[in-house]
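> The sequence isn't on hand, but the structure is:
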Ligand SMILES: Nc1ncnc2c1ncn2[C@@H]1O[C@H](COP(=O)(O)OP(=O)(O)OP(=O)(O)O)[C@@H](O)[C@H]1O
């Protein structure tokens with residue numbers, strides 16, 4: 001390919017200059033973004049091509065067969081016509097097989113692509129915005145709906161081709177005999193009306209069916225997650241009724257779709273034979289008057305059948321309608337608002353100064369957080385406290401840019417978080433959660449997984465710091481134990497999440513209730529190890545325990561989404577409202593460990 005040829009681009013790969021086509025480059029970029037390869041248009045075009053070719057052979061057959069029959073009846077030499085008839089028959093079978101093959105490939109390609117786009121949209125989306133979609137709903141959208149949506153291009157191609165046959169048959173019919181063609185043409189509008197009504201009525205039912213289907217999946221998953229609670233409360237029967245409650249509606253909607261389908265088939269099932277009968281009758285009259293030969297009559301009957309075959313498009317039309325509704329559901333995931341990243345970097349070796357300036361977060365029209373002028377100096381620890389629902393997790397998410405505030409901005413070492421590049425953001429800010437999700441792989445792989453490569457010795461150091469080394473070593477294969485088969489308690493799993501955050505700690509570490517499952521002594525040990533062995537930086541710790549607040553340099557006290565005070569724990573402790581947060585009505589501080597090295601009662605040495 002000559003340099004600078006149209007449609008080509010040059011790029012460097014290491015020291016090599018690589019020339020590639022724009023299409024390939026676009027596909028490679030899509031794959032890099034995690035969107036998976038773009039589906040080629042070829043398979044859908046091939047389905048159309050093969051279906052149209054099959055339709056053309058079907059249309060040609062009656063003419064050729066009729067002519068062959070006439071030649072044979074006359075007793076003369078039929079020449080190449082019998083061979084041509086046989087070739088058309090074989091050709092149609094072959095083309096039908098190819099259509100089936102390409103349809104399968106096309107469906108698989110589109111389904112994979114749609115699923116991967118929806119999945120990428122979900123992963124890139126702001127987590128907060130994905131909240132309305134329950135796991136069961138997401139599962140349905142990514143599986144059933146993606147498969148239905150993936151079938152649309154092939155179904156649409158087949159639908160287009162299925163209209164070629166009746167149209168071609170009508171033209172051929174007109175070529176053989178105008179009277180019979182006029183007779184068939186007169187009946188076609190009735191068939192078209194049947195199809196139109198089917199498409200219109202079925203659309204609404206399909207959308208409702210898909211919604212109810214995902215409702216059941218969501219409830220089932222909720223029940224599975226809460227299996228222990230259900231068993232303990234003895235509410236199995238009630239839960240079963242709750243999960244299956246939408247089944248009646250699903251059944252009714254499914255029944256309605258079958259009724260619509262059946263009605264369309266029945267109507268066309270009555271119309272088609274009537275039409276064929278009328279065409280045969282007109283053809284018979286024309287044969288008797290000598291206007292048609294026997295072969296012509298054969299062709300006329302077959303063409304009337306093919307032209308009336310437009311009724312068979314109902315099934316394909318149903319697939320297209322269902323697929324389009326399903327596509328709307330996968331698109332909702334694909335188009336979840338994603339965070340846009342800037343191009344700025346952080347100043348090298350910054351201490352991790354954090355500042356929230358004029359921050360407001362609104363949800364459903366309600367202000368769930370307002371924080372202005374809240375500063376956490378680099379290298380210090382701030383505890384975020386407040387009653388349940390006060391906005392602690394929202395503040396943590398804004399501070400680490402899991403979500404963007406609706407107003408205001410957050411500064412890290414003087415740089416606005418929304419102007420930072422993705423890499424700088426994710427390598428410099430680490431998160432640990434109450435219920436981490438560590439995925440598959442081995443224990444070591446799960447802890448190492450993250451924005452930067454973590455060597456094995458750092459993994460072990462992080463696991464030790466999180467107080468997880470002892471139980472990890474007791475696992476059947478130690479650090480190489482696959483996580484799904486590791487018998488871990490909630491607290492142990494939480495510590496692995498902490499270990500992952502420690503292994504990737506940058507200049508800001510946000511811990512959202514990440515030690516809630518640890519006993520006080522272990523939590524204290526983890527805190528000490530965090531100060532000693534994890535990369536120094538700023539810590540923002542959402543806490544419910546006074547011991548955590550007491551060890552922090554300052555406490556950000558939230559009340560109903562507003563910052564009530566920012567001060568050290570021992571100063572705030574003088575306020576009865578603050579003490580009440582920790583269930584302490586008296587003046588005695590249950591966590592008198594204000595110094596960094598102080599140790600709670602019961603802590604091991
Ligand atoms: N995506 C959202 N949509 C609607 N409301 C939301 C959303 N995210 C948070 N909220 C609301 O914001 C408020 C603060 O939530 P947040 O999770 O920050 O509370 P919290 O202080 O961390 O509570 P807890 O201690 O119980 O975890 C709550 O009333 C919550 O319902």
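Right, received. Where do you want to start? Computed from a prediction, not measured in an experiment: that's the story for all the values here. Residues are numbered from 1 along each chain as shown.

> I'd guessed residue 497 sits against residue 432; true?
Yes. Residue 497 is within contact range of residue 432, at 5.6 Å (criterion: Cβ atoms under 8 Å). C-beta: built from backbone N, CA, C; applies to glycine.

> what sits in contact with each of these two?
residue 514 (Cβ atoms under 8 Å, 6 or more residues apart in numbering).

> where along the stretch 451-600 of the chain do the strands fall?
For the stretch 451-600 of the chain, applying DSSP state E, counting those that start in this stretch gives strands covering 508-512, 538-542, 554-559, 562-567.

> Distance to residue 173 for those - can I get that in TSV?
Listed next are the strands of the stretch 451-600 of the chain as TSV, based on distance: least, Cβ to Cβ, whole Å:
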stretch	distance to residue 173
strand 508-512	73
strand 538-542	77
strand 554-559	79
strand 562-567	79
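
> Which one, of the ones you listed, ends up nearest to residue 389?
Closest to residue 389 of the strands of the stretch 451-600 of the chain is strand 554-559 (Cβ to Cβ; 9.7 Å).

> from the middle of its chain, how far away would the closest one be?
Averaging C-alpha positions (Cα atoms, centre = their mean, to the nearest Å) puts strand 554-559 37 Å from its chain's average.

> Equivalent analysis for stretch 374-382, please.
Mean C-alpha position of stretch 374-382 versus that of the full chain (Cα atoms, centre = their mean) differs by 37 Å.

> Next: stretch 85-98.
40 Å.

> cool, and stretch 429-444?
Relative to the chain's own centre, stretch 429-444 is displaced by 21 Å; criterion: Cα atoms, centre = their mean.

> In a markdown table: the strands of the stretch 451-600 of the chain, plus mean pLDDT.
Formatted as a markdown table, the strands of the stretch 451-600 of the chain follow (pLDDT from 0 to 100):
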| stretch | mean pLDDT |
| --- | --- |
| strand 508-512 | 94 |
| strand 538-542 | 94 |
| strand 554-559 | 96 |
| strand 562-567 | 96 |
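
> Kindly reformat these as JSON lines and extend each row with distance to residue 281 and mean neighbour count.
JSON lines is the format used below for the strands of the stretch 451-600 of the chain (distance: least, Cβ to Cβ, whole Å; neighbours: other Cβ atoms under 10 Å):
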{"stretch": "strand 508-512", "distance to residue 281": "80", "mean neighbour count": "26"}
{"stretch": "strand 538-542", "distance to residue 281": "83", "mean neighbour count": "25"}
{"stretch": "strand 554-559", "distance to residue 281": "85", "mean neighbour count": "24"}
{"stretch": "strand 562-567", "distance to residue 281": "85", "mean neighbour count": "16"}
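
> could I get the ones you listed as CSV with distance to the ligand?
Shown next, in CSV, are those (distance: least, Cβ to the nearest ligand atom, whole Å):
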stretch, distance to the ligand
strand 508-512, 8
strand 538-542, 6
strand 554-559, 7
strand 562-567, 11
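
> Tell me which of the ones you listed sits nearest to residue 338.
Closest approach to residue 338 among those is made by strand 508-512 (20.2 Å; Cβ to Cβ).

> Name the strands paired with the closest one and say parallel or antiparallel.
Strand pairing for strand 508-512, determined by DSSP bridges: strand 429-433 (parallel), strand 538-542 (parallel).

> longest helix of this protein?
helix 178-225 (DSSP state H).

> if we can go back for a sec, which stretch among the strands of the stretch 451-600 of the chain comes nearest residue 236?
Residue 236 sits nearest to strand 508-512 of all the strands of the stretch 451-600 of the chain, at 33.0 Å, using Cβ to Cβ.

> outside of the closest one, which residues touch it?
Contacts of strand 508-512 (Cβ under 8 Å, 6+ apart): 352, 354, 392-393, 396-397, 399-400, 412, 428-434, 498, 501-502, 534, 537-542.
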